[in-house]
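Asks: 3D, please:
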Amino acid sequence: MVNTNINAQAQRRTNALRRAVLRRVQIWVPDTRCPGFAEECRRQSGLAAQADRADEDLLRFMDESLAEFSGWNK
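Replies: The predicted structure is shown next:
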């Protein structure tokens, strides 16, 4: 009986979302529980940081952007 009520509520919610011209989308994301996940994040972050440090145009842009904020300290 309770299961039927929950199913009915879920169906009403689904119907309301469809009437709002929305649709369900399933996406796959990395499994943060997987062994090695944190290490891979650190590796990729390091590569991105290294590339950013080598990009003089990006560094100049960031310095110019930060200069627009009063009281900002590097």
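
Asks: And for residue 33, the neighbour number?
Replies: Neighbours of residue 33 under the rule other C-beta atoms under 10 Å: 6. In short, each C-beta sits where N, CA and C put it, glycine included.

Asks: Likewise for residue 50?
Replies: When neighbours are counted by other C-beta under 10 Å, residue 50 registers 10.

Asks: Check the average confidence over the helix or strand hosting it, would you?
Replies: Here residue 50 sits within helix 37-54, counting by DSSP states H and E. For helix 37-54, mean pLDDT rounds to 95.

Asks: for whichever helix or strand comes after that helix, which positions count as buried?
Replies: As assigned by DSSP H and E, the chain's next helix or strand after helix 37-54 is helix 56-67. Counting neighbours by 16 or more other C-beta atoms under 10 Å, one finds that helix 56-67 has no buried residues.

Asks: Report the angle between the helix or strand of the chain with the lowest mean pLDDT and helix 37-54.
Replies: When each helix and strand of the chain is scored by mean pLDDT, DSSP states H and E, helix 56-67 comes last, with a mean of 89. Interaxial angle, helix 56-67 versus helix 37-54 (axes from the mean of the first three to the mean of the last three C-alpha atoms, to 10 degrees): 90 degrees.

Asks: Which strands and helices lie in contact with the helix holding residue 50?
Replies: helix 56-67 (3 or more C-beta pairs under 8 Å, 6 or more residues apart in numbering; DSSP states H and E).

Asks: residue nearest the centroid of this protein?
Replies: residue 29 (10.1 Å; C-alpha atoms, centre = their mean).

Asks: List the backbone torsions phi and psi for that one.
Replies: Main-chain dihedrals, residue 29, degrees, to the nearest 10: phi -130, psi 160.

Asks: Quick one: end-to-end distance for stretch 20-30.
Replies: 30 Å (C-alpha to C-alpha, to the nearest Å).

Asks: Tell me how many other residues surround residue 6.
Replies: Residue 6, neighbours per other C-beta under 10 Å, totals 9.

Asks: could you say which helix or strand contains it?
Replies: Element membership of residue 6, judged by DSSP H and E, is helix 2-19.
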